[in-house]
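Peer 1: The following block contains a protein sequence and its predicted model.
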Amino acid sequence: MSFMKSLKHGLLAAMLLSAGAAHAALLQFNVTGDYTASWQMESDRVPDEYIGDVGLVMWEIAGSYAGSASGIADIGFFNGGFGGGLSILDLATFEYVLVADGPQIYSGTEVNPLFTPGAFVLTQYEGTGRYLLTVTDVAQAAVPEPATGALLLGGLALMAASRQRRKA
């Protein structure tokens, strides 16, 4: 088999192996208003705990939580049937620093939630606090998808093949 033929087969195999679904987006969560907090989480993170008709919990999420000594909290997301909203449990004190009602912040199920960018108005559970939760997609431009590399290699191979033909 000629070198060019081997190169073409290798590049085709690399393109097929690298093509696939894109990775989950990294999302930035920011709570503003009467309480402030921020953390990052993958859009399709699997919950550490889910409670049937109540919602789900993500354990040990590092972030910036007002009044937290450790900067690590368990984040609970309530489903719409339970009233929606979220809770933040400070792991340094094991006290809730925020419990807020509002819309359901994820789609899908408690077992397989999907978080998407958006803005959510929240109110303090049995209180007067007002909050705005914004969820934004953090661009990961520094890490290209494997398919991008395969396309680059494929383009270079085509340029090399056309140059080889011109020589012949």
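Peer 2: Alright, I've got the coordinates. Numbering: from 1, shown residues only.
Peer 1: Off-centre distance for the top strand by length along the chain?
Peer 2: Secondary structure assigned by DSSP state E gives strand 55-65 as the longest strand of the chain. Centroid separation for strand 55-65 versus its chain: 13 Å, with Cα atoms, centre = their mean, to the nearest Å.
Peer 1: Next, the residues that contact it from outside, please.
Peer 2: Identification of contacts with strand 55-65 by Cβ atoms under 8 Å, 6 or more residues apart in numbering yields 29, 36-41, 45, 47-51, 71-79, 82, 88, 90-91, 97, 106, 110, 113. (C-beta placed from N, C-alpha, C; glycine too.)
Peer 1: What's the mean pLDDT across the next helix or strand after that strand?
Peer 2: Scanning forward in sequence from strand 55-65 by DSSP states H and E, the next helix or strand is strand 72-78. The predicted model gives strand 72-78 an average pLDDT of 97.
Peer 1: Could you name the helices and strands sitting against strand 72-78?
Peer 2: Contacts defined by 3 or more Cβ pairs under 8 Å, 6 or more residues apart in numbering; DSSP states H and E place strand 72-78 against strand 37-42, strand 55-65, strand 86-90.
Peer 1: Quick check: mean pLDDT of the last one?
Peer 2: The predicted model gives strand 86-90 an average pLDDT of 96.
Peer 1: Tell me the strands beside that strand, with direction?
Peer 2: Sheet pairing of strand 86-90 (DSSP bridges) gives strand 72-78 (antiparallel), strand 95-101 (antiparallel).
Peer 1: most neighbours per residue, which of those strands?
Peer 2: Greatest average neighbour count among the strands paired with strand 86-90 goes to strand 72-78 (a mean of 22), per mean count of other Cβ atoms under 10 Å.
Peer 1: With that, I have no additional questions.
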